[in-house]
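# Any chance you can model this:
(chains A and B)
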2 protein chains.
Amino acid sequence: MAGKVQERKEKLRVTLIDVAQNQIVSGGLASLKARDIARQAECALGAIYNVFDDINALVMAVNGRTFHALGADVTAAVEQAQGQSPNAQLIAMSKAYLGFAVDNTHLWRALFDLDMSVESQVPDWYLAELGQLFAHIAVPLAQLFPDLPEAELDLMVRALFSSVHGIVLLGLQNRISAVPRDQIEMMIAQVLNQVG
Amino acid sequence: MAGKVQERKEKLRVTLIDVAQNQIVSGGLASLKARDIARQAECALGAIYNVFDDINALVMAVNGRTFHALGADVTAAVEQAQGQSPNAQLIAMSKAYLGFAVDNTHLWRALFDLDMSVESQVPDWYLAELGQLFAHIAVPLAQLFPDLPEAELDLMVRALFSSVHGIVLLGLQNRISAVPRDQIEMMIAQVLNQVG
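Next comes the predicted model:
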């Protein structure tokens, strides 16, 4: 009996994530409403909260998938850029990041736009995905700065990731400083070519 | 007669901006509701739309004030850093930017979080404020790259602004890569010291 209940709950969990993911893809995070999710998942409104603590937790589950797909794209870029200069490797990863953001803008934005006011615990799997991304960036950086203490290298990994994120974010935003995609790539290269 | 009507409308305009600004300061952009604004401004709900096309236009007016205050802080930092190295000037400006973001987090976020799905016209005053900010960054950059064509220099100004923005944004965000403020300053310096 317990197995059946568990199985149904797990099935609903996947359905809810699918529905929320599709909604974010089509309308962005702001368009996500619990009532609509329940209707599309063909469950009662309250059933959502048997599976997830709240809608934020559901979005985090979608973000987990997104992060995983993003990581796969960056990993593929890393593998393709093997043997190139450290700067070229950093640029290759950044291009993959930009490409993912362009192709999956709403999902990518949801990674960062989830309610900032909630000081909730960050799940372990989230930190693991982030750590993997940072580990990729650390490899060419360690080549560029072989003598940098680990703590500083770690900070520089975050600094460069954040820099590229900022260039992609504002580059894709109309109101601030939107530019064509090739110019976003140029800006990334301008900054990353300075490193080292 | 027309003068009186105009005067009342202008007074309401300022009141509405004040109310919206206070609400963003205390609760962030997401907490802004037309009904609450009307109640606090002691006007009818419809009266808001006699003054502003929509709530986005009201937020843009708040953002205008925010941008102006941010610009003043950065200008003060530029003046204080006169005579220092170009990199030191860039870092001084970035520190002012970080300080503003820390002290006015909700207002600063509203500059960037305003509904991204609307492809509306960007007001001229907005572009003027942005242009002023970019002009400040261009001065030390032109010293570092005296031979760079103007179009590339312009792109680099945007690239570095976006980089610092990204570092500040993610640095202040718990879920991604939050670090203490002095480490955010270190990350900014790490990147900016590479330039030139």
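
# What sits closest to the spatially most central residue of chain A if chain neighbours are left out?
Closest to where the C-alpha atoms of chain A average out (CA atoms, centre = their mean) is A:Phe67, at 4.1 Å. Using CB to CB, 6 or more residues apart in numbering or on different chains and skipping the chain neighbours, the partner closest in space to A:Phe67 is A:Glu129 (4.2 Å). Placement of C-beta: from N, CA and C, glycine included.

# Do I have it right that the one you found meets A:Thr66?
No: counting by CB atoms under 8 Å, A:Thr66 is not a contact partner of A:Glu129; they are 9.4 Å apart.

# Which one's more surrounded, the two?
A:Thr66 (23 against 19; other CB atoms under 10 Å in any protein chain shown).

# Which residues are in contact with the more buried one?
When contacts are counted by CB atoms under 8 Å, 6 or more residues apart in numbering or on different chains, A:Thr66 touches A:Asn104, A:Leu107, A:Trp108, A:Ala110, A:Leu111.

# what's the answer for A:Arg181, then?
The contact partners of A:Arg181, by CB under 8 Å, 6+ apart, come to A:Leu98, A:Val102, A:Gly171.

# go with 7 Å
Going by CB atoms under 7 Å, 6 or more residues apart in numbering or on different chains, A:Arg181 touches A:Val102.

# any idea how far it is from B:Met187?
Here A:Arg181 is placed at a distance of 26 Å from B:Met187 (CB to CB, to the nearest Å).

# now A:His136
In terms of CB to CB, A:His136 sits 18 Å off from B:Met187.

# next one: A:Ala57
From A:Ala57 to B:Met187 the distance is 30 Å (CB to CB).

# what's the answer for A:Leu130, then?
A:Leu130 is 16 Å from B:Met187, by CB to CB.

# repeat for A:Gln80
28 Å.

# Kindly report the same for A:Ala138.
Look at A:Ala138 and B:Met187: by CB to CB, they are 15 Å apart.

# remind me which residues of chain A are low pLDDT?
Along chain A, segments meeting pLDDT under 70 span A:1, A:115-121, A:174-179.

# so where do the helices sit in it?
Ranges of helices in chain A, per DSSP state H, are A:2-27, A:34-41, A:45-51, A:55-80, A:86-103, A:105-113, A:124-144, A:150-171, A:174-177, A:181-192.

# And the residue of chain A closest to chain B?
Proximity to chain B, evaluated over chain A using CB to the nearest CB, is greatest for A:Gly166 at 2.1 Å.

# ok, that residue - contacts?
Per CB under 7 Å, 6+ apart, neighbours of A:Gly166: B:Ser162, B:Ser163, B:His165, B:Gly166, B:Ile167, B:Leu169.

# ok so, going back, between A:His136 and B:Met187, which has more neighbouring residues?
The neighbour comparison of A:His136 against B:Met187 (other CB under 10 Å) goes to B:Met187, with 30 against 20.

# out of everything not next to it in sequence, what's closest to the more buried one?
That would be A:Ala159: by CB to CB, 6+ apart, it lies 3.6 Å from B:Met187.

# Can you give the domain ranges for chain A?
Domain segmentation of chain A under automatic domain parsing yields A:1-52, A:56-193.
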